[in-house]
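Undergrad: give me the fold of what follows.
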Amino acid sequence: MNRRTALQSAVIAAAAAAGTRIAAAADNDAKEIAILVDHWKKSKDFTLKVAEAMPAENYDYKPFADARPFGGELQHLGQAEGFYLGRLGKGAAPAAPRNDTSKEATVKYLNALYDWSIGVVGQLTDADLTRTFGAGRGPSVTGLELLYQAMIHTAHTRGYGEMYLRNKGVVPPEYSV
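TA: Just a heads-up that it's a prediction; the model follows:
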């Protein structure tokens, strides 16, 4: 084998190996995004179970004077989710109902918000997860950090909703992982 043929073979082998690594990395990225999408689907399901558990007549319930009403607390959950995921630049979140924290308006809003959120998360790439974004307050954060902030805020606020349910004598739905 002459040098030219050997060199061509080495270049072709290196390109094939690099292509295999790129394909494997893309496959891993897709798996990671699929895991995140699955999390958002579970979050939607659980949040809607919490929303549905409260009787409509108790959507204006506040555990103390300075608290948001139950419907307002759940709408706040959605607004924060829209804020965090909206920073990723994949479109605007649905607007929360104005001056209407009723069960009907809140459940409708949460459905639309989570459908939007799941769509945003499903569009993400590894580049989106590692890119930095302005976070509003404080230093810039990566896309992955924005997702974590959204998850943490949602769990925290949904926990308030569960306490509202308990205060009204309603057993919260069980979380399923």
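
Undergrad: got phi/psi on residue 155?
TA: phi -60, psi -40 (degrees, to the nearest 10).

Undergrad: what pLDDT does the model give it?
TA: The model reports residue 155 with a pLDDT of 97.

Undergrad: distance of it relative to residue 94?
TA: Using Cβ to Cβ, to the nearest Å, residue 155 is found at 21 Å from residue 94. No exception for glycine: its C-beta is placed from N, CA and C like everyone else's.

Undergrad: okay, these two: which has more neighbours?
TA: Under the criterion of other Cβ atoms under 10 Å, the comparison of residue 155 against residue 94 puts residue 94 first, with 18 against 14.

Undergrad: check contacts around that one.
TA: Residues near residue 94 by Cβ atoms under 8 Å, 6 or more residues apart in numbering: 82, 109, 112-113, 116.

Undergrad: which SS state does it fall under?
TA: Using DSSP: H, G, I helix; E, B strand; the rest coil as the criterion, the local structure at residue 94 reads coil.

Undergrad: ok, and the closest non-adjacent residue to it?
TA: residue 112 (4.3 Å; Cβ to Cβ, 6 or more residues apart in numbering).

Undergrad: including distance to residue 52, neighbour count and secondary structure, could the contacts of residue 94 go into TSV?
TA: Below are these laid out as TSV (distance: Cβ to Cβ, whole Å; neighbours: other Cβ atoms under 10 Å; DSSP: H, G, I helix; E, B strand; the rest coil):
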residue	distance to residue 52	neighbour count	secondary structure
82	21	20	helix
109	14	22	helix
112	16	15	helix
113	15	23	helix
116	20	20	helix
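
Undergrad: check for me that residue 88 belongs to a strand.
TA: No: using three-state DSSP, the assignment for residue 88 is coil, not a strand.

Undergrad: gap between it and residue 100?
TA: The gap separating residue 88 from residue 100 is 28 Å, by Cβ to Cβ.

Undergrad: comparing those two, which residue is more hemmed in?
TA: residue 88 (19 against 15).

Undergrad: for that one, give me its contacts.
TA: 120, 124, 128, 133, 143, 146.

Undergrad: next, check these against the helices and list the overlap.
TA: Using DSSP state H, 120, 128, 143, 146 are the members of these that sit in helices.
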